[in-house]
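Engineer: I'll drop the sequence and a predicted model, then ask my questions.
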Amino acid sequence: MGTKNYQTVKVEKDNGITWVTLNRPEKRNAMNPQLHYDMLDALTELETDKETQVVVLTGAGEAWCAGQDLREYFRATDNNPVERRRASWASQEWRWRRLFTFPKPTIAMVNGYCFGGAFTPLIACDFAIAAEDAIFGLSEINWGIFPGGLVSRVLADALSYRDALYYIMTGDPFDGKKAAELKLVNFAVPKAKLKDETVKLAKKLMEKNPQTLRAAKEVYKFCRTMDYAQAEDYMSAKGIALRATDPEKGREEGTKQFLDEKSFRPGLGAYQRKKS
Ligand code: COA
């Protein structure tokens, strides 16, 4: 599949990793309606794109994403309910529903500013790696609103009660190192190493069985809000579905390589996948 061109997003494919770059650097990659439409289209394409094994979401220039565009997303649609509804739907659709349930691993590579509405895609991604000097902030309180959209809801999944309320109510900015301490990101590295560390993680993920990876993230993410009986039943059905549909029959292969061939130890690494 070729790579589409968008006004506000850049999509580049490189050996299984697809780099999706929010591309309005002059506006610090603030999300205007066009960016929401572009991202929704890009993610829809990449879900089924055979060349894409891992998606990395990053930002052009010095920002990752400065949140919703106050001029084009908010003020320009205040008196245009149809456009506001369209933009708001696209915004929630890609930032939460598509990304949260994306069928392949997703990594937020936070290269710089990350504010307000940008926390939704940040938390929706499976992993986040930040530059140590990236600046994060729930800046809404500073300009007269609360973290809306889904931000306050998703924060409840990603920060402790105390930390979430602290940053929601003070709007204090914090850096990548602090974000790692808060576990909002997996780790923070010097900016010069950000890309290498992201590629290293993506390569590790590409060694695993993709069907199993997909099931594993779905099971974890969906079971969080189920009660125990529902979760047990869901996981049992999901396990059967995975065995029935996995094209590389991972469970059988892994078991054979460990028990019969004694060629690997599951505790220490993944079974050897056959190259297709
Ligand atoms: N909405 C609309 N425009 C934005 C924006 C946003 N969220 N963030 C940045 N921009 C625009 C600025 O208006 C400016 O546009 P202009 O050149 O036409 O005047 C341009 O991007 C550069 O911004 P500037 O403030 O000059 O850059 P900076 O590097 O000095 O500061 C930020 C960067 C991100 C700290 C600052 O722009 C900022 O605080 N943005 C708002 C962040 C926010 O509160 N987001 C939450 C929204 S939910």
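Structural biologist: That came through fine.
Engineer: what sits against whichever residue of the stretch 101-250 of the chain sits closest to the ligand?
Structural biologist: As assessed by CB to the nearest ligand atom, the ligand sits closest to residue 116 within the stretch 101-250 of the chain, at 2.7 Å. For every residue, glycine as well, the C-beta is placed using N, CA and C. Applying CB atoms under 8 Å, 6 or more residues apart in numbering, we find residue 116 in contact with 66-68, 137-140, 147, 151.
Engineer: repeat for residue 158
Structural biologist: 119, 123, 183-184.
Engineer: 10 Å instead, please
Structural biologist: 119, 122-124, 128, 164, 182-185 (CB atoms under 10 Å, 6 or more residues apart in numbering).
Engineer: Also within reach of the ligand: list those from the residues you listed.
Structural biologist: Near the ligand, judged by CB under 6 Å from any ligand atom, there are no entries from the contacts of residue 158.
Engineer: mind putting these in TSV, neighbour count, secondary structure and pLDDT included?
Structural biologist: What follows is those, written out as TSV (neighbours: other CB atoms under 10 Å; DSSP: H, G, I helix; E, B strand; the rest coil; pLDDT from 0 to 100):
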residue	neighbour count	secondary structure	pLDDT
119	27	helix	98
122	25	helix	98
123	24	helix	98
124	25	helix	98
128	27	strand	98
164	19	helix	98
182	17	coil	98
183	13	coil	98
184	25	coil	98
185	27	coil	98
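Engineer: Now the buried members of the contacts of residue 116.
Structural biologist: Neighbour counting over these (16 or more other CB atoms under 10 Å) leaves 66-68, 137-140, 147, 151 as the buried ones.
Engineer: Is it possible to get CSV of the contacts of residue 116 that adds secondary structure and pLDDT?
Structural biologist: Putting these into CSV (DSSP: H, G, I helix; E, B strand; the rest coil; pLDDT from 0 to 100) gives the following:
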residue, secondary structure, pLDDT
66, coil, 98
67, coil, 98
68, strand, 97
137, strand, 98
138, coil, 98
139, helix, 97
140, helix, 97
147, coil, 97
151, helix, 97
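Engineer: Show the low-confidence segments of the stretch 1-150 of the chain, by residue range.
Structural biologist: 1 (pLDDT under 70).
Engineer: Tell me where it has helices.
Structural biologist: In the stretch 1-150 of the chain, the segments counted as helices under DSSP state H, counting those that start in this stretch are 33-47, 81-92, 99-100, 119-124.
Engineer: Now do the first one against helix 81-92, angle only.
Structural biologist: In this case it means helix 33-47. Orientation check (axes from the mean of the first three to the mean of the last three CA atoms, to 10 degrees): helix 33-47 against helix 81-92 gives 40 degrees.
Engineer: What is helix 33-47 packed up against?
Structural biologist: The contact analysis (3 or more CB pairs under 10 Å, 6 or more residues apart in numbering; DSSP states H and E) places helix 33-47 against strand 9-14, strand 17-22, strand 54-59, helix 81-92.
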